[in-house]
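> what follows is a protein structure lacking sequence information:
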């Protein structure tokens, strides 16, 4: 049995919002911990020839996703307000999440950042928004934001994104358990069950 | 409460296989009937700029899909053998399914056609395969195949595909309940629940 599940997420990703709000409780109930893995979808999408979210490139798919996300969030009791801009640049937030993951407070920061984007229509690319989020968690925003923009953290996020591509990740959220990929908010339960019973 | 759920499917679609094998029992348990809606994804994909399955165009997504489909089929106790050709042209089978839907035997034919493609690696574009499937259901293959290739059935399938596009369908399977779309094998249960409680 795996001791943890890796939760790979991109801060701009819509379905990562409910998933980020659900994964911790699901894992905990199964006696597992969550390894938070912020990465960037942009480079992966660009390698597929996309310069925008596929939900913008393919309008029928986008219309469906927003409606489906409403139903999914309603099902899980999560607030949703369609952001006035989509996708928002998740780079800065991913760097903060990288710091948070290193220090063990990603489980608080990541869901808060998704709520800011998808329930409160706040721009998570704006340093002021990120500072407020960090401060609300009792962390020092000057210190955290400075480290988030430091060379080692930038490099770590770049390496993480390259690792995502190597693992075969093509979308977010993706849960990885012993190299097995589970893509989408719909697969969280399956991923946790997989980790519990061990790989096939 | 809706009396039926519309099951929109493309015979070449991988995730439509488990869905087609599951929808009837799910609907029946909820006191609903299934309206079988064969259509063609080809024209819809071409309108999005794709000349092949997105699972072939985007290899990481394709690799994931085949592995995920294994897990999904195992979960539902469905046999799976990865077809030696993908996607197989679903046009002829969709025409036969159009006849079957008109005459009330699609619930037997459609799952059998998917099993042929995805569990038995038979080419459902081959008239001999379709004839054998039709005969195995106690129908006259000469009669059915002749009608499947008649003008009115070709027109009906073309009209159905245009209707799919109008409804906002962009992939298969899609269940439609009172104009509400539920995309994917993962959403069958939600679609049936939606039909039971009536639209929001």
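Thanks, I have the structure now. Keep in mind that this is a model prediction, so the values were computed, not measured.

> need the residues that contact stretch A:127-139.
Contacts of stretch A:127-139 with the rest of the structure, by Cβ atoms under 8 Å, 6 or more residues apart in numbering or on different chains, involve A:92-93, A:96, A:105, A:108-109, A:112-113, A:116, A:122-124, A:140-141, A:144-145, A:148. Where C-beta positions appear, they are placed from N, C-alpha and C, glycine not excepted.

> wait, residue A:30 touches residue A:194, no?
No. Using Cβ atoms under 8 Å, residue A:30 makes no contact with residue A:194, being 10.2 Å away.

> neighbour-wise, which of the two wins?
Neighbour tally, residue A:30 and residue A:194, criterion other Cβ atoms under 10 Å in any protein chain shown: the higher count belongs to residue A:194, 21 against 16.

> who does the one helix or strand residue A:97 maps to touch, helix- and strand-wise?
Following DSSP states H and E, one finds residue A:97 within helix A:91-103. Contacts defined by 3 or more Cβ pairs under 8 Å, 6 or more residues apart in numbering or on different chains; DSSP states H and E place helix A:91-103 against strand A:33-38, helix A:106-118, helix A:127-136, helix A:141-148, helix A:151-167.

> please name whichever of the ones you listed is nearest to residue B:182.
With respect to residue B:182, and counting by Cβ to Cβ, the nearest of the helices and strands packed on helix A:91-103 is helix A:106-118 at 21.2 Å.

> which residues touch residue A:71?
For residue A:71, the contacting residues are residue B:190, by Cβ under 8 Å, 6+ apart.

> same thing with the one 10 residues further on?
With contact set as Cβ under 8 Å, 6+ apart, residue A:81 has these partners: A:118-121.

> and stretch A:21-34, what's buried?
Buried residues in stretch A:21-34, counting neighbours by 16 or more other Cβ atoms under 10 Å in any protein chain shown, are found at A:21-24, A:26-27, A:30, A:32, A:34.

> and of those residues, the nearest to residue A:154?
residue A:34 (23.5 Å).

> any stretches of chain A with poor pLDDT?
Along chain A, the model assigns pLDDT under 70 to residues A:1, A:198-200.

> what parts of it come near chain B?
A:48, A:58, A:60-61, A:63-64, A:67-68, A:71, A:75, A:165, A:168-171, A:180-184, A:186-187, A:190 (Cβ under 8 Å from any Cβ of the partner chain).

> recalculate using a threshold of 6 Å.
Selection of chain A residues close to chain B by Cβ under 6 Å from any Cβ of the partner chain yields A:48, A:58, A:60-61, A:64, A:168, A:170, A:181, A:186.

> in strands, which of the residues you listed fall?
Judged by DSSP state E, strands contain the following of the residues of chain A next to chain B: residue A:181.

> for the residues of chain A next to chain B, which PyMOL command selects only the ones that are buried?
Here is the PyMOL command that picks out the buried ones among these, judged by 16+ other Cβ under 10 Å:
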select buried, chain A and resi 58+60+61+64+168+170+181+186
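
> take the residues of chain A next to chain B and keep only those in helices.
Under the assignment DSSP state H, the residues of chain A next to chain B contribute A:60-61, A:64 to helices.

> okay if I get these as JSON lines plus distance to residue B:15?
Putting those into JSON lines (distance: Cβ to Cβ, whole Å) gives the following:
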{"residue": "A:60", "distance to residue B:15": "17"}
{"residue": "A:61", "distance to residue B:15": "15"}
{"residue": "A:64", "distance to residue B:15": "15"}
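
> of those, which is the nearest to residue A:88?
Checking these against residue A:88 with Cβ to Cβ, the nearest one is residue A:61 at 18.9 Å.

> now the closest one, nearest residue through space, not along the chain?
Among residues not flanking residue A:61 along the chain, residue B:170 sits closest, at 5.0 Å (Cβ to Cβ, 6 or more residues apart in numbering or on different chains).

> distance-wise, check that neighbour relative to residue B:43.
With distances taken as Cβ to Cβ, to the nearest Å, residue B:170 is found 12 Å from residue B:43.

> now do residue A:98
Computed as Cβ to Cβ, the residue A:98 to residue B:43 distance reads 44 Å.

> neighbour-wise, which of these two wins?
Shown here are residue A:98 and residue B:43; by other Cβ under 10 Å, residue A:98 has more neighbours (24 against 13).

> from memory the more buried one sits against residue A:153, does it?
Yes. Counting by Cβ atoms under 6 Å, residue A:98 does reach residue A:153; the two are 5.3 Å apart.

> and residue A:183, what is it in contact with?
Residue A:183 is in contact with A:171, A:174, counting by Cβ atoms under 6 Å, 6 or more residues apart in numbering or on different chains.

> I misspoke; the intended subject was residue A:18.
By Cβ under 6 Å, 6+ apart, the neighbours of residue A:18 are A:72-73, A:76, A:78, A:185.

> and for residue A:149, the neighbour number?
When neighbours are defined as other Cβ under 10 Å, residue A:149 has 14 of them.

> just give the closest residue to it, not the sequence neighbours.
Distance criterion Cβ to Cβ, 6+ apart; nearest residue to residue A:149, sequence neighbours excluded, is residue A:95 at 6.6 Å.

> how about the one you found, what does it touch?
A:148, A:153, A:157.

> and if we set it to 10 Å?
By Cβ atoms under 10 Å, 6 or more residues apart in numbering or on different chains, residue A:95 lies in contact with A:11, A:38, A:40, A:130, A:144-145, A:147-150, A:153-154, A:156-157.

> which one of these sits closest to residue B:6?
Of all these, residue A:11 has the smallest distance to residue B:6: 36.5 Å, by Cβ to Cβ.

> can you pull the contacts of the residue nearest to the closest one when sequence neighbours are not counted?
Leaving aside its chain neighbours, residue A:11 sits nearest to residue A:90 (3.1 Å; criterion: Cβ to Cβ, 6+ apart). By Cβ under 10 Å, 6+ apart, the contact list for residue A:90 reads A:9-13, A:16, A:38-42, A:97, A:113, A:117, A:124-125, A:172.
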